[in-house]
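Participant: show me the folded form of this:
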Amino acid sequence: KVLCYEDMVLKIEPEASGFFENIAMLRWLRGKLPVPEVLWAMTEGCFQYLLMSRVRGRMACDDTYTADPDALAQLLADALKTLWAVDITDCPRHHLLSEDLAEAKERIARNLVDIDDVQPDTFGPGGFENPQALLTWLEDHQPPLEPVLSHGDFCLPNVFFENGRLSGFIDLGGCGVSDKWRDIALCYRSLRDNISGHYAACPRPDFDPDILFEKLGMAPNWEKIRYYILLDELF
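Facilitator: This next block holds a predicted model:
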């Protein structure tokens with residue numbers, strides 16, 4: 001459950017490993033990025049409780065922003081660059097690809113991969129036979145790391161803007177040092193799907209999500225983009 005109050009958010013989840021690591025990461029990020037402030041945290045019984053300050057502004061997927069995709073792409077590019085500008089020298093968390101693949105293997109073993117909530121061509125004709133086949137491919141095609149501070153789940157609902165500027169990041173459980181293309185891949189997919197009508201009420205079929213790379217001032221690395229989108233299918 002997530003309970004939203006005027007100035008605070010209370011997140012209640014089943015107890016899981018990494019809870020206090022997430023809190024330490026949020027505290028490390030304070031003063032470096034606009035993130036929620038940890039006000040109170042505890043575990044009791046089978047649940048963990050995290051009370052945080054509430055981020056102001058609107059989600060990047062709000063109609064206010066999807067109505068102007070070109071401007072939204074610029075805001076998202078600026079938000080990515082803000083992440084990358086953070087000094088990662090003493091970052092308390094590093095997301096190694098080997099650890100992600102090990103976790104994906106465990107999720108497959110526990111039958112936790114929802115194959116109905118994936119991109120249309122991931123499984124089946126023209127795609128992978130099953131999650132295990134995808135995992136094997138991911139293990140055999142690990143790309144070199146370009147380390148930056150990564151959000152970990154850079155999707156439009158997790159990025160907030162206010163008055164034309166970045167106002168906050170939320171859902172930072174996967175934040176840490178990782179490959180810069182991980183965030184780019186998930187940002188690209190989320191931008192494409194929100195503007196194309198997969199989520200948005202008013203699709204704009206003429207919008208080209210590749211404009212994100214123009215705003216970033218860099219050429220797309222399609223191999224890495226595909227890799228990290230496919231990796232995310234197992235989570």
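Participant: please enumerate the helices of the chain.
Facilitator: With helices called from DSSP state H, the chain shows them at 19-29, 63-66, 69-84, 97-109, 131-140, 180-196, 211-216, 222-232.
Participant: mean neighbour count, those: which tops it?
Facilitator: helix 180-196 (a mean of 23; mean count of other Cβ atoms under 10 Å). Any C-beta I mention is one placed from the backbone N, CA and C, and that applies to glycine too.
Participant: pLDDT (mean, whole number) over that helix?
Facilitator: Across helix 180-196, the average pLDDT comes to 95.
Participant: could I get the CA-only coordinates of that helix as PDB?
Facilitator: Coordinates of the C-alpha atoms in helix 180-196 are reproduced here as PDB (Å, rounded to 0.1, in the frame of the first residue of the first chain):
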ATOM      1  CA  LYS A 180      23.900   4.800 -18.300                       C
ATOM      2  CA  TRP A 181      22.100   2.900 -21.100                       C
ATOM      3  CA  ARG A 182      19.900   1.200 -18.500                       C
ATOM      4  CA  ASP A 183      18.100   4.400 -17.800                       C
ATOM      5  CA  ILE A 184      18.100   5.600 -21.400                       C
ATOM      6  CA  ALA A 185      16.500   2.300 -22.500                       C
ATOM      7  CA  LEU A 186      13.700   2.400 -20.000                       C
ATOM      8  CA  CYS A 187      13.200   6.200 -20.500                       C
ATOM      9  CA  TYR A 188      13.000   5.600 -24.300                       C
ATOM     10  CA  ARG A 189      10.500   2.700 -23.900                       C
ATOM     11  CA  SER A 190       8.300   4.700 -21.500                       C
ATOM     12  CA  LEU A 191       8.300   7.800 -23.600                       C
ATOM     13  CA  ARG A 192       7.400   5.800 -26.700                       C
ATOM     14  CA  ASP A 193       4.600   3.800 -25.100                       C
ATOM     15  CA  ASN A 194       3.100   6.900 -23.300                       C
ATOM     16  CA  ILE A 195       3.000   9.000 -26.400                       C
ATOM     17  CA  SER A 196       2.000   6.200 -28.900                       C
END
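Participant: to residue 149, which of the helices of the chain lies closest?
Facilitator: In terms of Cβ to Cβ, the element of the helices of the chain nearest to residue 149 is helix 69-84, at 5.2 Å.
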